[in-house]
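Engineer: What follows is a protein structure lacking sequence information:
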């Protein structure tokens, strides 16, 4: 298992390039669903452009636009899955509605390379409720279970010190740092998770 958890895909180009280069496949299944309820989604376009600039074919698959069978088949055959940022609770709601948790976890454990950006990183934790300071959980009106995918035994705290999340990220840190094992990262850092644990990587160290 090897997964890369980031705040901002476009801010970690060199790190992403290094780990994507280990893949045999050239196609990335890109899930932008978390951004469906966000007023600003420029970061999604920037992430897609960056991945394409590295020479990868990016297939955009919005969970809300396809049925469960199609989505499960896509994920079962994916060698690389990338889930972008947005509202974490809405993302988890849509994953649950299409029964994709199990197939996602299985593909990651089987060796599919996973990139999670912000919300896509947070859902790797055991429970996503800690992100309620940064994200509005009432947007996901059908979500009544905050259980995440539980692939990573820590809790990603993205955007630490980054506009426009300076206050909410810091408040999350202050509120939960003594309750759960948080791993704060800024927009130029990534958490590499493998079977031996995790390492925080910095984009500046090329």
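Structural biologist: Nice, I can see it. Just so you know, these numbers come straight off a predicted model, no measurement behind them.
Engineer: residue boundaries of the helices in the chain?
Structural biologist: 13-20, 42-53, 68-76, 88-97, 101-110, 119-122, 166-176 (DSSP state H).
Engineer: what's the most buried one of those?
Structural biologist: helix 119-122 (a mean of 28; mean count of other C-beta atoms under 10 Å). Heads up, the C-betas are built off the backbone N, CA and C, glycines and all.
Engineer: now that one, how far from the centre of its chain.
Structural biologist: Relative to its parent chain, helix 119-122 has a centroid offset of 3 Å by C-alpha atoms, centre = their mean, to the nearest Å.
Engineer: Stretch 117-130 now?
Structural biologist: Centre-to-centre, stretch 117-130 and its host chain are 7 Å apart (C-alpha atoms, centre = their mean).
Engineer: That one: end-to-end distance?
Structural biologist: For stretch 117-130, the first-to-last residue distance is 17 Å (C-alpha to C-alpha, to the nearest Å).
Engineer: pLDDT weak spots in the chain?
Structural biologist: When residues are selected by pLDDT under 70, those of the chain lie in 205-206.
Engineer: Mind doing that once more with 90?
Structural biologist: 22-25, 204-206 (pLDDT under 90).
Engineer: and of the helices of the chain, who's closest to residue 201?
Structural biologist: With respect to residue 201, and counting by C-beta to C-beta, the nearest of these is helix 13-20 at 5.1 Å.
Engineer: now the closest one and helix 42-53, what's the angle there?
Structural biologist: 50 degrees (axes from the mean of the first three to the mean of the last three C-alpha atoms, to 10 degrees).
Engineer: that older thread, between the helices of the chain, which one is nearest to residue 202?
Structural biologist: Residue 202 lies closest to helix 13-20 among those, at 8.1 Å (C-beta to C-beta).
Engineer: Report all helices and strands that the closest one contacts.
Structural biologist: strand 2-6, helix 42-53, strand 113-117, strand 189-194 (3 or more C-beta pairs under 8 Å, 6 or more residues apart in numbering; DSSP states H and E).
Engineer: How about residue 54: what's its closest non-neighbour residue?
Structural biologist: residue 17 (5.4 Å; C-beta to C-beta, 6 or more residues apart in numbering).
Engineer: From residue 197, how far out is that neighbour?
Structural biologist: Using C-beta to C-beta, to the nearest Å, residue 17 is found at 23 Å from residue 197.
Engineer: can you tell me which residues contact the residue nearest to residue 185 when sequence neighbours are not counted?
Structural biologist: Once flanking residues are discounted, residue 185 sits nearest to residue 7: 5.5 Å by C-beta to C-beta, 6+ apart. Each residue near residue 7 by C-beta atoms under 8 Å, 6 or more residues apart in numbering is listed here: 85, 117, 118, 121, 158, 159, 160, 162, 185, 186, 187, 189.
Engineer: From residue 141, how far out is the second one?
Structural biologist: The span separating residue 117 from residue 141 equals 24 Å under the rule C-beta to C-beta.
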